[in-house]
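Visitor: sequence unknown, structure follows:
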Ligand SMILES: [Mn+2]
């Protein structure tokens, strides 16, 4: 036990819920948005990349009958190298366990970054079912396969690293490009474009994502299900592919590092990808409008 990082000790302590109070108090005012199902993945607890602020806000403003944690919830690889475990990361685990206690069915499908949880697949801990993959039946009778998505890394190996070259990096490159061009000109060096090199990389990244979506949807089609829900590539998306003349839905629930997305199913079976940064902005505008024009009190 002694060689375990203290993050795991903290994790264990949180399991002694509800004796511990969260560092960020739970929002209890207002009604939560209720969904039939919520899917989130790629939270990467244990890293600085995790946007715990928005995720805590999401968890405090929503509820569902079922919640799927679609992998890479805890970043075990990085935890082993260097410990980063702020109180807010405990708070997220606390909130998830509290949901389970309130009656939400929680299914945790470990990904490649939390593969240390995979040996526990098939077991239940603190009301959380740990599974290697799952099948979800929507309210309108569609059957969806739910998995993290790293299962396809072997197929995608050639382009794997390119998935993480994003748009933001490209825009930084575009800015740097002009600056470098000036410096090189002053030094009498020939013109060389960073942005051109970057564009090539981004184009490859776009191709990678498209190919990944196709590979995952094909696997679902071969399984004979109506669709698939996955995470892993940090790119929220909904697409429909054709397989043997039948439509196959591809849903990616995104991540909580850049995108801050969740996938939800309403009680009629309709599904939607939420962008939580946008939802918070919308809520702030509505609240400010309500303050400026308060509703007249009933006589
Ligand atoms: Mn992953």
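Guide: Nice, I can see it. Because the structure is a prediction, the values reported are computed rather than measured.
Visitor: which regions of the stretch 51-200 of the chain lie under the pLDDT threshold?
Guide: For the stretch 51-200 of the chain, the stretches flagged by pLDDT under 70 are 77-81, 157-175, 177-178, 190-200.
Visitor: if we go to 80?
Guide: The model of the stretch 51-200 of the chain has pLDDT under 80 over residues 76-83, 154-200.
Visitor: Can you tell me which residues in it are near the ion?
Guide: Counting by CB under 5 Å from the ion, the stretch 51-200 of the chain comes close to the ion at 72, 111-112, 150. C-beta here means a position set from N, CA and C on the backbone, and glycine is covered the same way.
Visitor: Would you mind putting those into JSON lines with secondary structure alongside?
Guide: Below are these laid out as JSON lines (DSSP: H, G, I helix; E, B strand; the rest coil):
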{"residue": "72", "secondary structure": "coil"}
{"residue": "111", "secondary structure": "coil"}
{"residue": "112", "secondary structure": "coil"}
{"residue": "150", "secondary structure": "helix"}
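Visitor: want to throw the residues you listed into JSON lines with distance to residue 208 and neighbour count?
Guide: Formatted as JSON lines, those follow (distance: CB to CB, whole Å; neighbours: other CB atoms under 10 Å):
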{"residue": "72", "distance to residue 208": "18", "neighbour count": "29"}
{"residue": "111", "distance to residue 208": "18", "neighbour count": "28"}
{"residue": "112", "distance to residue 208": "16", "neighbour count": "16"}
{"residue": "150", "distance to residue 208": "14", "neighbour count": "20"}
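Visitor: Which two among those are spaced furthest apart?
Guide: Maximum pairwise distance among these (CB to CB): 8.4 Å, between 72 and 150.
Visitor: Taking the stretch 151-299 of the chain, what residue is nearest to the ion?
Guide: Across the stretch 151-299 of the chain, the shortest distance to the ion (CB to the ion) belongs to residue 232, at 4.0 Å.
Visitor: thinking again about what came up before, give the residues shared as contacts by residue 72 and residue 150.
Guide: Both residue 72 and residue 150 are contacted by 111-112, 232, under the criterion CB atoms under 8 Å, 6 or more residues apart in numbering.
Visitor: list the contacts for the residue nearest in space to the middle of the chain?
Guide: For the chain, the residue nearest the mean C-alpha position is residue 255 (2.5 Å; CA atoms, centre = their mean). Neighbour list for residue 255: 41-44, 72, 231, 234, 236, 261 [criterion: CB under 8 Å, 6+ apart].
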